[in-house]
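>>> 3D, please:
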Amino acid sequence: MKTFLALFMGSADSARTPADMSEADMARGMAAWGAWMAANAGRLVEAGGPVGSTKSVSKRGVEDIRNQVGGYVVLTAESHDEAAALFKDHPHFTIFPGDRVEVMERLPIPGA
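Below is the predicted model of the structure:
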């Protein structure tokens, strides 16, 4: 089994946020998300969750920046395609205003 990091990406349109959702849609979205988590519980390495504001650290120093990462989860699958397929029709973008889920394989540290 391989391990994958999935990033829940928000929208570049800052007007689209979960805070703007109705209570009924929010409840429907959370129920669907919970069902997805339960269906994939055996694959979850880390349940992850939402993330907050971002600081960038570089040669220029520390800066407050904005990116589209809204949350993450770490899971296992046999292949990259299999991992990506797990997010088809995910509530992050079918109910909530998220844009997409980006899935990448966690690779071993070279030389470790």
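>>> hang on, residue 107 in a strand?
No: the assignment for residue 107, made by DSSP: H, G, I helix; E, B strand; the rest coil, is coil rather than a strand.
>>> ok, it - contacts?
Neighbour list for residue 107: empty [criterion: C-beta atoms under 8 Å, 6 or more residues apart in numbering]. C-beta coordinates here come from the backbone N, C-alpha and C atoms, glycine included.
>>> quick check: it vs residue 5, distance?
Residue 107 sits at a distance of 10 Å from residue 5 (criterion: C-beta to C-beta, to the nearest Å).
>>> nearest residue to residue 95 in space, please, no chain neighbours.
Nearest in space to residue 95, with sequence neighbours left out and distances taken as C-beta to C-beta, 6 or more residues apart in numbering, is residue 29 at 3.9 Å.
>>> the one you found against residue 90, yeah?
No: counting by C-beta atoms under 8 Å, residue 29 stays clear of residue 90, with 10.5 Å between them.
>>> any weak-confidence spans in this structure?
14-15 (pLDDT under 70).
>>> report the buried residues of the lengthiest helix in the chain.
Looking across the chain with DSSP state H, the single longest helix is helix 23-39. Judged by neighbour count (16 or more other C-beta atoms under 10 Å), helix 23-39 contains these buried residues: 29, 32-33, 36.
>>> ok, now which ones touch residue 26?
Each residue near residue 26 by C-beta under 8 Å, 6+ apart is listed here: residue 18.
>>> let's see that with 10 Å instead.
18-20, 95-96 (C-beta atoms under 10 Å, 6 or more residues apart in numbering).
>>> helices of the protein, start to end?
Going by DSSP H, the chain shows helices at 23-39, 80-85, 91-94.
>>> format these as JSON lines; extra columns: distance to residue 46.
Output for these, formatted as JSON lines (distance: least, C-beta to C-beta, whole Å):
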{"stretch": "helix 23-39", "distance to residue 46": "12"}
{"stretch": "helix 80-85", "distance to residue 46": "14"}
{"stretch": "helix 91-94", "distance to residue 46": "17"}
